[in-house]
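Chemist: Quick one: sequence and predicted model below, then my questions.
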Amino acid sequence: MSRNFSIFSKGALAALFVIWAGVALAQSVIFPKDTLSIRTAAGKTYEFSIELALSDAQREQGLMYRKEMAADHGMLFDFGESRRVQMWMENTVLPLDMVFISGDGKISAIRENAVPFSRDIIDSGAPVKFVLELNAGRAKALGLRIGDKVINQRIGNSG
């Protein structure tokens, strides 16, 4: 019996180390800050403070391990080119809305209420250049729709 306990303890310690290493890595990735606006077809404009995920390391990290985010904050993933994008929620504590944005700044898809820790793929469905992650429920609360315009110095400057 003590032998099984010893194996379990080593396994538990290994799992704890992996979690700790992930959290330590998450804290080592730095995200530049910026702002963006979303202008709806209804004429309303909403302002957000955002973090930018520009590099592979930043895009891989995203909002993983975060436990809270202010209602007027988000993270903008810039993929550098228009392409079909697939996201997931592994190691992501916060439920999120994902706003898929074409190179010209138009919202092309919205995936609401992504489930924390899920490995399910969340697909853009068409080529996009950006993804904006917001707290779950924000897209609906603000009335965001396909075709609304996202405005930021990075967006709309190329196809």
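Modeler: Here it is on my side, so go on.
Chemist: Can you give me the buried ones in stretch 53-62?
Modeler: Burial within stretch 53-62, assessed by neighbour count using 16 or more other CB atoms under 10 Å, is assigned to 53-54, 58-59, 61-62. Quick note: C-beta positions are derived from backbone N, CA and C, even for glycine.
Chemist: which one among these gets closest to residue 156?
Modeler: Minimum distance to residue 156 across the buried residues of stretch 53-62 is 16.6 Å, recorded for residue 54 (CB to CB).
Chemist: Which residue lies nearest the spatial centre of this structure?
Modeler: The centre of the chain sits closest to residue 133, judged by CA atoms, centre = their mean, with a distance of 4.1 Å.
Chemist: Let me know the helix or strand that it is in.
Modeler: Element membership of residue 133, judged by DSSP states H and E, is strand 128-135.
Chemist: tell me what that strand is packed against?
Modeler: strand 45-53, strand 73-83, strand 96-101 (3 or more CB pairs under 8 Å, 6 or more residues apart in numbering; DSSP states H and E).
Chemist: Out of these, which gets nearest to residue 142?
Modeler: Set against residue 142 and scored by CB to CB, the helices and strands packed on strand 128-135 come closest in strand 45-53, at 5.5 Å.
Chemist: Could you point out the helix or strand that follows the closest one?
Modeler: Heading C-terminal from strand 45-53, the first helix or strand you meet, by DSSP H and E, is helix 56-61.
Chemist: pretty sure residue 112 contacts residue 97?
Modeler: Yes. Contact status for residue 112 versus residue 97: in contact at 5.0 Å, counting by CB atoms under 8 Å.
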